[in-house]
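*Asks:* I'll drop the sequence and a predicted model, then ask my questions.
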Amino acid sequence: MSKNVYLTTAIPYVNGAPHIGHAMDYLLADTYARYQKSLGNNVRFQAGTDEHGNKIFKKAKELNVPVQEYVDTNARKFQDFIKKLGVENTDFIRTSDKEHVRRCQEIWRRLSAHIYKNSYEGWYCEGCERFITEKEVEENGGICPDHQKPYEKLEEENYYLRISDFKAEIAQKIESGEMLVLPDFRKNEVLKLLEDTPDVSISRPTEHLSWGVPVPDDPSQVMYVWVDALANYITVLGYPEQDISDFWPAEVQFVGKDILRFHAIIWPAILLGLGLPLPKVLHSHGHILANGAKMSKSIGNVVDPLEVVERHGLTAFRYYFLRHCDTFLDSDFTWDDFERAYAGELANDLGNLVQRLATLCKKADLSGIKFETPKLDAEYKKLMDEFYSSRAFDVAWSKVQDVNKAIDGTKPWMIAKEGDQEKLEKVLKELVEQLLAANALIAPFLPDTSAKILSIFTAEKILPPEVPLFPKG
RNA sequence: CGCGGGGUAGAGCAGCCUGGUAGCUCGUUUGGCUCAUAACCAAAAGGUCGUUGGUUCAAAUCCAACCCCCGCAACCA
C-alpha cells in the first residue's frame, strides 16, 4: 500500500555560495526520500531558493547587474550544487517565480483577518539600510561601525501578523506531538520562545525594501521575508488554486537549528491562518563545526563542500556527513577525520569486503545463484522512522562489519582447500546474502555504491571490480 | 539570578526519565589469519562518570549548591 510523502528543505538565501550547512539539509532529506521510496511510497521532494530582500538587491547593484539576472545566476549555482550531491528532489521553487509571487499575494489576502498595520520606531542605519537592535546600538556606542555614521531614530509603517491569535493552538500542537519537533530537546526551547514571541512584522515600506513581493492593494508596502519565503512550501504544490491535500501536510520539513524558531512559530501561524494543517514533523539538524569552531568567513575556517566532494568523491562526502555528523547535534568536521573515515571505513570495511567476497565467489566459480530479497533490520527501520539517520547508518554499518566477521568465522578458503564444493557454495551464498542485506540498508545513504555492489553480486558471473570501490593511496 | 543545551577512558558519543557489577565507535597494545585495498578477525590496556554536599542498603542516574564550555545577536544551516 503506497502512500504520498511530501518532504521539504529550507530554501537558502542566494546571496552567497552553497556551503556545508545547505548540504546537510539536502542530504538528510534525500536519504529520507530514498528510504521512503524503497518502502514503495510516492515521494514529492521540494527544494528551492529564497531570492528577495535588500541584501540581494544591494549585491546586484554593487555588481552592476539587473537583480533578476543576479538571482538567476545564483539560483543556478544551487541547482548545480544539489545535482552534485546526488539529491533527487522532484521540485525546485524560486521565490522570484511569477507564480510564487502571485500565490503569495493570494495567501496574504487570505490571511488579512490576522494582519494589521502599525508603526514601528527604532534605530536605523542609512548605510546598512536596516533597523538596528537596541542592544547593538548600545554596543557600538550609537555609531555604525561599517559606515561611521550615527544611527537615527526612524519611524515607519509595517504590517504585522498577529501571532497571538495562534499561540495557544501552536503550543498545543507542539506539546501533543501533532506537529512533532525533533530533536526532543528543542521542543521546550521552542515552547519557551513561543510564549515570548511578539507579533511579527511582515512588510516594509517600498522606500526601504523594493526587491520583494508587493503587498496586495497597498503599493507603498512590500512583503518582508516571512510570508514570501515560508509560503514556498505550499506554493510549490500549487496552493491556493490547487488542492494540495494529496501532499500536505508534509511528512517532514528539514531545517537547520538556527531557523527552527521561524518554522515552529511563524510558519504554523501562517498555516493556521489559512486553515491548513501543520506539518507532521519539524526536523532540525545540528550545525557542522570546523575544528571545533563555528564556521565563519571572518575566522576563515569555512569548509567548501565541493572541495570535500572532490577529495574522494560524492560517496565519501555523503558517507561522512550522514554517518559521522550526528543528525541532531552539532558535529565537528576535520580533514583528518574525513580521511580516516574514507580509508579506515569505506575502503577497509566495505571496499575490501566487496573485493574479498567477490574474489572468493569468483574462485569458487559461483554462478546462477538466486539470492533472497533482504528484509529491513528492525532496529534500523525504527531509527529511520524516527528520523535518526546517523544512528540508522551506524546500524547499517555494523551489518557490513558482521559480514567480515562471518567470513573469518566460516573460512571459505579452508573449505575450498578441502574441495567440498557443495559446502563452499552454500557458505558463500549465505555470505553474499548477508552482504546484500547490509547493502540494502546502505542504499538510501550511498545510492551509487549500493547499486554497484548489487550489480557485482547479481551479475551472471561474480567478479571483483577491476578498480576497487574505494581506492587508497 | 535572561532562556536553552552540555561536562562519562586519548577523541567522539550512549547510559540518566523508570537508581543495582560503567558501554559503543575510533585510536593504542598484543595475538590470530592469508580470501581481500599491508586489508580482515580476536583479546587486552585505559574512566575517582565537572566539584561539593544530601537522600538511599545502593547514585553516572534522584535532590541542592557551585565551577566550566557552547548556542539563542552578527557574513553563516
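*Replies:* Good, I have the coordinates. Residues are numbered from 1 along each chain as shown, chains lettered A, B, ... in the order given.
*Asks:* every contact and neighbour count from this point should use C-alpha atoms.
*Replies:* Fine.
*Asks:* continuing past the helix or strand A:K58 falls within, what's the next helix or strand?
*Replies:* Assigned by DSSP states H and E, A:K58 belongs to helix A:54-63. Sequence order places helix A:67-84 as the next helix or strand after helix A:54-63, per DSSP H and E.
*Asks:* need the phi and psi values for A:P374.
*Replies:* Phi and psi for A:P374, reported as degrees, to the nearest 10, are phi -70, psi 150.
*Asks:* isn't it right up against A:L441?
*Replies:* No: in this structure, A:P374 is not within contact of A:L441 by Cα atoms under 8 Å, at 9.4 Å.
*Asks:* show me where the stretch 101-250 of chain A has strands.
*Replies:* A:115-125, A:130-132, A:143-144, A:149-150, A:152-161, A:180-182, A:200-201, A:203-205, A:221-223 (DSSP state E, counting those that start in this stretch).
*Asks:* show me what from the stretch 201-350 of chain A comes close to RNA strand B.
*Replies:* Taking Cα under 7 Å from any atom of the strand as the measure of proximity, the stretch 201-350 of chain A contacts RNA strand B at A:255-259, A:286-289, A:293-298, A:329-331, A:340, A:344-350.
*Asks:* what's the ChimeraX line that selects buried ones from these?
*Replies:* Burial among those is assessed by 16 or more other Cα atoms under 10 Å; the matching ChimeraX selection reads:
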select /A:255,256,257,286,287,288,289,295,330,331,345,346,347,348,349,350
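*Asks:* now, the residues of the stretch 201-350 of chain A next to RNA strand B that are in helices?
*Replies:* A:R340 (DSSP state H).
*Asks:* which stretches of the stretch 351-473 of chain A have low pLDDT?
*Replies:* The stretch 351-473 of chain A contains no residues with pLDDT under 70.
*Asks:* hmm, try it at 90
*Replies:* A:365-379, A:382, A:386, A:388, A:391, A:460, A:472-473 (pLDDT under 90).
*Asks:* same check on the stretch 101-250 of chain A?
*Replies:* Ranges of the stretch 101-250 of chain A meeting pLDDT under 90: A:118-157, A:175-177, A:182-198, A:207-210, A:225.
*Asks:* quick check: the residue of it nearest RNA strand B.
*Replies:* Residue of the stretch 101-250 of chain A nearest RNA strand B, by Cα to the nearest atom of the strand: A:E189 (4.7 Å).
*Asks:* so who does that residue touch?
*Replies:* Contact analysis of A:E189 by Cα atoms under 8 Å, 6 or more residues apart in numbering lists nothing.
*Asks:* with A:P444 instead?
*Replies:* A:30-35.
*Asks:* A:A10 reaches A:A23, doesn't it?
*Replies:* No: using Cα under 8 Å as the test, A:A10 is too far from A:A23 to be in contact (10.7 Å).
*Asks:* so between the two, which is more surrounded?
*Replies:* Set A:A10 next to A:A23 and count neighbours by other Cα atoms under 10 Å: A:A10 wins out with 23 against 20.
*Asks:* out of everything not next to it in sequence, what's closest to the more buried one?
*Replies:* A:V255 (5.4 Å; Cα to Cα, 6 or more residues apart in numbering).
*Asks:* show me what the one you found is bridged to.
*Replies:* Residues in a beta bridge with A:V255, per DSSP bridges, are A:S284.
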